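>>> compute the structure for the input listed below.
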Amino acid sequence: MQRLKQLRALIDEIPARLKELQIARVELKPSPSKWSPKEELGHLLDSAANNHQRIVRTQLEDKPKMPGYDGDAWVKLHRYQQRNWQEMIELWRALNQQLLAAAEAVSDSAWSRTCTIADSQPLTLKFVFEDYIDHMLNHLVHIGVEADDLKPEA
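Numbers count the residues shown, from 1 in each chain. Next comes the predicted model:
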C-alpha cells in the first residue's frame, strides 16, 4: 500500500527537519489562545496515540466504537509548551513507528473493516489511516516543516 510507504518516508525524514527549526520559533505562540509549533507537534503526539488505538482495535474488534478526544484539553494536560523539543521529536518518531507496525499488520481485506469515532458514521480502517497521514502533513506544514516531497502523489 502506497500510504504505508509514505508513513515510512515521513518517519525517516521528518525528525531531522523538525530538529532544524529554531527553538525560539517553535516556542512562539501566535496568540494566547493559539498553539505554538511545539504545542502543535504535541497535538500530533496525541493524534498518533489515538490513531494507533483505532488501527489496532479495528483489526481486533468487530466495528468498535472509539471515543473522540478534545485536542486542546490534551495539549494543555501534557504541557507541551514546557517539554523538551528534542524529546518530543523522538517521541513523535517512536509513536509513528508503533502506529506503522500496527498498520503494516493490516491484511488487504481488513482495510475495509469499520469503526466509529465519537458520533461519526462508520469509517473504514483505510480512511482512518489515510486521514491520519493527511492530518499529520497539514500540521507539519503549518509548523514550518518542508513536506511537499513527502505528500501523496495526486
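
>>> can I get the CA coordinates of the longest strand belonging to the chain in CSV?
Ranked by residue count under DSSP state E, the longest strand found in the chain is strand 114-117. The C-alpha trace of strand 114-117 is given here as CSV (Å, rounded to 0.1, in the frame of the first residue of the first chain):
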residue,chain,number,x,y,z
THR,A,114,-15.1,-0.2,10.1
CYS,A,115,-15.1,1.7,13.3
THR,A,116,-17.0,4.7,14.6
ILE,A,117,-15.2,7.7,16.2
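
>>> can you give me the helices for this structure?
In the chain, the helices defined using DSSP state H lie at 2-19, 23-26, 37-60, 71-78, 85-104, 125-143.

>>> between helix 125-143 and the first one, find me the angle.
To tie it back to what came earlier, the one meant is helix 2-19. Taking axes from the mean of the first three to the mean of the last three Cα atoms, to 10 degrees, helix 2-19 and helix 125-143 form an angle of 20 degrees between their directions.

>>> from the middle of its chain, how far away would helix 2-19 be?
Distance of helix 2-19 from its chain centroid, counting by Cα atoms, centre = their mean, to the nearest Å, is 11 Å.

>>> report the buried residues of it.
Using 16 or more other Cβ atoms under 10 Å as the test for burial, helix 2-19 gives 6-7, 10-11, 14, 17-18. C-betas here are computed from N, CA, C, even on glycine.

>>> just the last one next, same as before
Buried residues in helix 125-143, counted by 16+ other Cβ under 10 Å: 125-126, 128-130, 132-133, 136-137, 139-140, 143.

>>> now for that helix, which elements pack on it?
helix 2-19, helix 37-60, strand 114-117 (3 or more Cβ pairs under 8 Å, 6 or more residues apart in numbering; DSSP states H and E).

>>> for it, output the C-alpha coordinates as PDB.
Taking Å, rounded to 0.1, in the frame of the first residue of the first chain, the C-alpha atoms of helix 125-143 are listed here in PDB:
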ATOM      1  CA  LEU A 125      -9.700   1.500   8.500                       C
ATOM      2  CA  LYS A 126      -8.200   2.600   5.200                       C
ATOM      3  CA  PHE A 127     -10.000   6.000   5.600                       C
ATOM      4  CA  VAL A 128      -8.800   6.400   9.300                       C
ATOM      5  CA  PHE A 129      -5.200   5.600   8.300                       C
ATOM      6  CA  GLU A 130      -5.100   7.900   5.300                       C
ATOM      7  CA  ASP A 131      -6.900  10.700   7.200                       C
ATOM      8  CA  TYR A 132      -4.300  10.400   9.900                       C
ATOM      9  CA  ILE A 133      -1.400  10.900   7.500                       C
ATOM     10  CA  ASP A 134      -3.200  13.800   5.800                       C
ATOM     11  CA  HIS A 135      -3.900  15.400   9.200                       C
ATOM     12  CA  MET A 136      -0.300  15.000  10.200                       C
ATOM     13  CA  LEU A 137       1.000  16.500   7.000                       C
ATOM     14  CA  ASN A 138      -1.200  19.600   7.300                       C
ATOM     15  CA  HIS A 139       0.100  20.200  10.800                       C
ATOM     16  CA  LEU A 140       3.700  19.600   9.900                       C
ATOM     17  CA  VAL A 141       3.400  22.200   7.100                       C
ATOM     18  CA  HIS A 142       1.700  24.600   9.500                       C
ATOM     19  CA  ILE A 143       4.600  24.100  12.000                       C
END
